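Colleague: this one's structure only:
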């Protein structure tokens, strides 16, 4: 195995550093940097798995007759819409680690050899941006301090239009660039850094807010080293650049068409992109996932069969109606009808990818909060603008609550805050009696500590969202009885969920839109009562299709 320093054989050529080695960074940002003519090095914040992977690949290339322009290369698998796979080979101009003293010293030496620096990519977990004590941010602060010293000495320049080093993040923490800047300034103030560092942070570094959107997993057996991705979507990486700090190439047609890089130059544009992603892509994902999981449809790729499979067909008809009658109606005035339609056109193709599905159970994680974050804004806009709320939106919220209903009545003492639900087609009481240590070959782990078993008809989920005057978890309130009840018996609990900050987050509609909010809640209670009484999710969906997905939800109450 080559030594660590040999992984940066031409440090003078490096003009970008990427801190972290997340899959988004490697599959979205680094290919775009290469296409823009930059030469990035990837530096892990801890460990050296990617470094060792690159070292092994370098050894293999040196043993062959390959003529390599870049010192290092890594692979990214892309699954095309026709099901064929292709492996993209991505240039990398260095690899290292900040996880050891030696590794940190190597990175500082690289900076000393660099003639210029344009971009610092950040590809760490959300925990890495959690506060000024985050080790990832402490490492980033040390790198920027070194840059400040080298710039003061005149040995390192920044060729960007305004002379500012651009920090580009590849996670979806809201306002991620502003968050990084805030915490770095706190670090600068807390450790008595020289004034030149504070000056650098305030005036010589541009912290860009971004949105990243590419469905990415990993190649089987690669231990996370090889990303496995859908084709590049139209907005794979959206970067806010209000002061024109980015290199000009980032706004090129090539980067937009081939790498999905979109630069937003006006205030509010990125907020619109994020809002549409939440409402359109994430909202329809959530609207589908709970229904599909409860119906034992495990992967979203089944939706690609909407022309030949009856279940996929009714699900896509439901989602298409939810978009056309609800999301589009609520979003057009604020974000534009054409832009909203383009977002759904792009997303629908991705959602119906025949060979790149996601686990429906995995998507249901944190479903109570996702209902408020992804579907809540559409409900709010519709009700406040006196537009019709259709049965599709009611069904989506009722499905979330059905998924969060424990099989066991009065289940107020779950193990590790994990409850057990029952799948459609199984008896609720029988599932509640299955021993907690029951296991067989069909038990599947779908998330950290959460399992499902299709043969026995159960799944697990975590309690979330505290509701009501006593701030009880929504799961406890929904488990009061295992006997079927009239819709009105569920109304108080449903209103508590819809009003909760970590639930529907719609308390304001009850204050301002009393009658409309009441009708919506009662409609949700009507469908929820049928779901917990044993009516199957897809059976209800077919019935709603029969009366019309576009019908006002008041029809459910009046009926």
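Modeller: Done, it's in. As the structure is a prediction and not an experimental result, all values here were calculated from the model.

Colleague: pretty sure residue 544 is touching residue 391, no?
Modeller: Yes: shown here, residue 544 and residue 391 form a contact pair, counting by C-beta atoms under 8 Å, at 5.0 Å. Placement of C-beta: from N, CA and C, glycine included.

Colleague: Tell me which of the two has more neighbours.
Modeller: The residue with more neighbours, out of residue 544 and residue 391 and counting by other C-beta atoms under 10 Å, is residue 391; that gives 30 against 22.

Colleague: Give me the contact list for stretch 443-453.
Modeller: With contacts defined as C-beta atoms under 8 Å, 6 or more residues apart in numbering, stretch 443-453 is touched by 293, 359, 361-362, 365, 416, 418, 423, 438-440, 442, 454, 458-462.

Colleague: again with stretch 510-525
Modeller: In this structure, residues lying in contact with stretch 510-525 by C-beta under 8 Å, 6+ apart are 379, 383-384, 386, 389, 391, 394, 397-398, 401, 487-488, 490-491, 494-495, 498-499, 506, 509, 553-554, 556-557.

Colleague: can you give me the mean pLDDT across stretch 367-384?
Modeller: Per-residue confidence for stretch 367-384 averages out to 95 on the pLDDT scale.

Colleague: Would you mind listing the buried residues in that stretch?
Modeller: The neighbour-count check on stretch 367-384 (16 or more other C-beta atoms under 10 Å) flags 367-383 as buried.

Colleague: ok, now stretch 518-527?
Modeller: Applying a neighbour-count criterion of 16+ other C-beta under 10 Å, the buried positions in stretch 518-527 are 519-527.

Colleague: same deal with stretch 500-518?
Modeller: 500, 502-506, 509-510, 513, 516-517.

Colleague: ok, residue 239 to residue 122 distance?
Modeller: Relative to residue 122, residue 239 is positioned 12 Å away (criterion: C-beta to C-beta, to the nearest Å).

Colleague: Please tell me how far the residue nearest the centre of the chain sits from residue 20.
Modeller: Among the residues of the chain, the one closest to the centroid is residue 172, at 6.6 Å (C-alpha atoms, centre = their mean). In this view, residue 172 and residue 20 are 14 Å apart by C-beta to C-beta.

Colleague: Please apply the same query to residue 419.
Modeller: 35 Å.

Colleague: and those two? which has more neighbours close in?
Modeller: residue 20 (26 against 22).

Colleague: from what I can see the more buried one touches residue 137, true?
Modeller: No: under the criterion of C-beta under 8 Å, residue 20 is not in contact with residue 137, lying 11.1 Å apart.

Colleague: Can you check which residues contact both of the two?
Modeller: With contacts defined as C-beta under 8 Å, 6+ apart, the residues adjacent to both residue 20 and residue 137 are residue 128.

Colleague: Show me what counts as buried in the helix or strand of the chain with the lowest mean pLDDT.
Modeller: Among the secondary structure pieces of the chain, namely its helices and strands, helix 49-63 has the lowest mean (mean pLDDT, DSSP states H and E), a mean of 78. Taking 16+ other C-beta under 10 Å as the basis for neighbour counts, the residues of helix 49-63 that come out buried are 50-55, 57-58.

Colleague: can you check stretch 397-410 too?
Modeller: 397-408.

Colleague: As TSV, the residues you listed with secondary structure, distance to residue 103 and pLDDT would be great.
Modeller: Below are the buried residues of stretch 397-410 laid out as TSV (DSSP: H, G, I helix; E, B strand; the rest coil; distance: C-beta to C-beta, whole Å; pLDDT from 0 to 100):
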residue	secondary structure	distance to residue 103	pLDDT
397	helix	49	98
398	helix	52	98
399	helix	48	98
400	helix	45	97
401	helix	49	97
402	helix	50	97
403	helix	45	97
404	coil	45	95
405	coil	50	95
406	coil	48	94
407	coil	50	93
408	coil	51	89
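
Colleague: which of the buried residues of helix 49-63 lies closest to residue 94?
Modeller: Checking these against residue 94 by C-beta to C-beta gives residue 54 as the nearest, at 8.8 Å.

Colleague: what sits against that closest one?
Modeller: Contacts of residue 54 were listed using C-beta under 8 Å, 6+ apart, and they are 7, 42, 72, 74, 92, 95.

Colleague: Ok, residue 188 next?
Modeller: Each residue near residue 188 by C-beta under 8 Å, 6+ apart is listed here: 141, 197-198, 201.

Colleague: before we move on, what about residue 178?
Modeller: Applying C-beta under 8 Å, 6+ apart, we find residue 178 in contact with 207, 209.

Colleague: at 10 Å what do you get?
Modeller: Taking C-beta atoms under 10 Å, 6 or more residues apart in numbering, we find residue 178 in contact with 207-209, 240.

Colleague: Then residue 418?
Modeller: For residue 418, the residues meeting the contact criterion (C-beta under 10 Å, 6+ apart) are 436, 449-451, 460-463, 475.

Colleague: One more: residue 361?
Modeller: Contacts for residue 361 (C-beta under 10 Å, 6+ apart) come out as 289-290, 292-294, 298-299, 403, 444-447, 450-452, 459-461.

Colleague: Can you tell me the closest non-neighbouring residue to it?
Modeller: residue 446 (4.1 Å; C-beta to C-beta, 6 or more residues apart in numbering).

Colleague: So in that sheet, which strands flank the helix or strand containing the one you found, and in what orientation?
Modeller: Per DSSP states H and E, residue 446 falls inside strand 443-447. Each strand paired with strand 443-447, and its direction, by DSSP bridges: strand 450-453 (antiparallel).

Colleague: quick check: mean pLDDT across the partner strand?
Modeller: Rounded to a whole number, the mean pLDDT of strand 450-453 is 94.

Colleague: Stretch 120-129 too?
Modeller: The pLDDT scores in stretch 120-129 average 87.

Colleague: How about stretch 20-30?
Modeller: Stretch 20-30 shows a mean pLDDT of 94 in the predicted model.

Colleague: And it, end to end?
Modeller: For stretch 20-30, the separation between the terminal residues is 12 Å (C-alpha to C-alpha, to the nearest Å).

Colleague: residue furthest from the geometric center of this structure?
Modeller: When each C-alpha in the chain is compared with the mean C-alpha position (C-alpha atoms, centre = their mean), residue 153 comes out farthest, at 41.5 Å.

Colleague: give me phi/psi at that one?
Modeller: The phi/psi pair for residue 153 (degrees, to the nearest 10) reads phi -80, psi -10.

Colleague: who's in contact with it?
Modeller: Taking C-beta under 10 Å, 6+ apart as the definition, contacts of residue 153 comprise residue 112.

Colleague: repeat for the one 5 residues further on
Modeller: Under the criterion of C-beta under 10 Å, 6+ apart, the neighbours of residue 158 are 15, 116-119, 147, 151, 164-166, 204-205, 245.
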